[in-house]
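Q: take this sequence and fold it.
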Amino acid sequence: MISLEVRVVGKELTIFGEGPFWDQDNQCLFRVDVAKKKIIATDLTTEEEKFYHFPEPVTSMVKYSKDELIVVMKDGLYLFNMDEETLQPFIKPNGLNEKLLLNDAKCDSRGRLWVGSVNDDFKLFKEEIISEFTGGNALLYRVDTNLDIHKAKDMITVSNGLDWDRERNILYYVDSATQGIARFDYDPDTGKIENEENVYTFEQLEGFPDGMTIDREGMLWVALFKSGKVGKQNPTGGMVAKIDPFKKQWIDTITLPTTHVTSCTFGGENLNTLFITTALELLPEEERAKQPLAGRLFAVDLKVGGYAPVAFRETAGTS
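A: Predicted coordinates for the structure are as follows:
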C-alpha cells in the first residue's frame, strides 16, 4: 500500500464530484458536481475557486481552446465559453434517450473525442443482483476531428474511465457493470480499435471501477466507487487501485478517508499529482458522520506522473 500524504485540495464540497480535468493553459483543476449542475475550477496556487453553472448536469469535459470547453451533458456535447459563460450545442450522437445518457469523455493523442453512454436503469439494480442486469445497450462513440461520429464499441452498460498508452498504442476502457478493465489495440492514424482483451477484473466487494487514468510507465490508476469497508484490500477507507495491465495484477493502493471514489487524473506543474474526486451522494446517512471528507477533492504527489490532456482538434477536412 502506497504510504504517501493524501491532502484535501480546494474548499468546495461536491455532492457528486466527477470528471477531473487538468487545464495546462490556465494551470487549474476542473471538476464537475453532477448533482449541483456546475463545474468547479480550482487554482492550485491560491486555492481560489470559480464556479460555472449549467441548466443540466455536466458529467465530463475536454478542452476545445484556451477559453473554451466541450462539456458533456446527458443528451449531447456543448461548447462552453468560460470568459463569456455562454453555452451552445456542439454535436449530438444518435441513440440517446431518457435512459441512455452520455458520461465520461476524453481526447486521444490525435485530438479525437471519445465519449460513452450509460444505461440509467443500471442504478436501480441492487448490488447483489447486478449479474442479472441485461441492459447492455449503451455505446462508446468516437468523434473524429471533422465531426464525423463513429460507434467504437457496443454492448456497453456503464461507460466510464478510458485512457491511452501513447507509447504502445493501446486503449484501456472501463464498463463498470463488467467490473473489469479492457484493452484494445489502437491505431492512432485511423482511431480504430480491435483485439479486445480483459486485463483485470475487480471483485464486486472491492467496488465498481469508475474513472481511470494512466501514468508514463503504462500503469493504470482506477477509482473504485463504493470501495472501502467491504473491500478486502482495505477495510477502512476508499481506494484508488494501481493496476499493472501487462502482468494483469493489482500492485498498489492509495487509500482515502471516504468510500465513494469516482475518478482521478494527473495534473500539476510536472503532471506528477494525482487528483481524485469523491461523492457524498449515495452514501448512507449513518456513514456520513464517519466520513466527513466525503465529496472533497484529494491530491497525492507521485514519483511517476501522467500525460497532459489533449484538446479536441476540429478540422474542416477529414481526420
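Q: count the neighbours of residue 88 for me.
A: As a burial measure, residue 88 scores 8 neighbours (other CB atoms under 10 Å). All C-beta spots, glycine's among them, are computed from the backbone N, C-alpha and C.
Q: which residue is the nearest non-sequential neighbour of it?
A: Nearest residue to residue 88 in three dimensions, chain neighbours excluded: residue 79, at 5.3 Å (CB to CB, 6 or more residues apart in numbering).
Q: may I ask you to confirm that that neighbour belongs to a helix?
A: No - per DSSP: H, G, I helix; E, B strand; the rest coil, residue 79 lies outside any helix segment and is strand.
Q: so what's residue 213 bridging to?
A: residue 221 (DSSP bridges).
Q: got a list of what it touches?
A: Shown in contact with residue 213 (CB atoms under 8 Å, 6 or more residues apart in numbering): 161, 163, 220, 221, 264, 265, 266, 274, 306.
Q: turn these into a markdown table, including secondary structure, neighbour count and distance to residue 245.
A: Formatted as a markdown table, the contacts of residue 213 follow (DSSP: H, G, I helix; E, B strand; the rest coil; neighbours: other CB atoms under 10 Å; distance: CB to CB, whole Å):
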| residue | secondary structure | neighbour count | distance to residue 245 |
| --- | --- | --- | --- |
| 161 | strand | 28 | 13 |
| 163 | strand | 25 | 11 |
| 220 | strand | 25 | 6 |
| 221 | strand | 26 | 11 |
| 264 | strand | 24 | 16 |
| 265 | strand | 28 | 18 |
| 266 | strand | 25 | 17 |
| 274 | strand | 26 | 17 |
| 306 | strand | 24 | 15 |
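Q: closest one to residue 208 out of these, please.
A: Relative to residue 208, the closest of the contacts of residue 213 is residue 161; by CB to CB it sits at 10.7 Å.
Q: for residue 224, phi and psi?
A: Main-chain dihedrals, residue 224, degrees, to the nearest 10: phi -110, psi 110.
Q: burial count for the nearest residue to it once chain neighbours are set aside?
A: Sequence neighbours aside, residue 207 is the residue nearest to residue 224 in space, at 3.3 Å (criterion: CB to CB, 6+ apart). Residues near residue 207, counting by other CB under 10 Å, number 27.
Q: tell me how far the nearest residue to residue 257 once chain neighbours are set aside lies from residue 210.
A: Distance criterion CB to CB, 6+ apart; nearest residue to residue 257, sequence neighbours excluded, is residue 293 at 4.9 Å. Using CB to CB, to the nearest Å, residue 293 is found at 18 Å from residue 210.
Q: more crowded one of the two?
A: More crowded of residue 293 and residue 210, by other CB under 10 Å: residue 210, with 27 against 17.
Q: mind checking the SS state of that one?
A: strand.
Q: that one touches residue 277, doesn't it?
A: No - here residue 210 does not reach residue 277: they are 9.3 Å apart, not a contact under CB atoms under 8 Å.
Q: overlap in contacts, those two.
A: Here residue 210 and residue 277 have 223, 261, 262, 263 as joint contacts, going by CB under 8 Å, 6+ apart.
Q: the strand or helix carrying the last one vs strand 208-214, what angle?
A: Right, residue 263. Assigned by DSSP states H and E, residue 263 falls within strand 261-267. For strand 261-267 against strand 208-214, the angle by axes from the mean of the first three to the mean of the last three CA atoms, to 10 degrees is 0 degrees.
Q: parallel or antiparallel, list what pairs with strand 261-267.
A: Counting by DSSP bridges, strand 261-267 is paired with strand 273-278 (antiparallel).
Q: find the nearest non-adjacent residue to the residue nearest the centre of the chain, please.
A: Nearest to the mean C-alpha position of the chain, by CA atoms, centre = their mean, lies residue 211 at 3.5 Å. Counting by CB to CB, 6+ apart, residue 211 lies nearest to residue 263, which is 2.4 Å off, once chain neighbours are set aside.
Q: pretty sure the one you found sits against residue 16.
A: No - look at residue 263 against residue 16 with CB under 8 Å: they stay out of range, at 10.8 Å.
Q: hang on, residue 177 in a strand?
A: No - read with three-state DSSP, residue 177 is helix and lies in no strand.
Q: number of residues surrounding residue 247?
A: The burial count for residue 247: 10, using other CB under 10 Å.
Q: on the three-state scheme, it is what?
A: coil.
Q: distance of it from residue 63?
A: Residue 247 sits 33 Å away from residue 63, going by CB to CB.
Q: next SSE downstream of the helix or strand harbouring residue 29?
A: Residue 29 is part of strand 28-33 when elements are defined by DSSP H and E. Note on strand 28-33: by DSSP H and E, the next helix or strand toward the C-terminus is strand 38-43.
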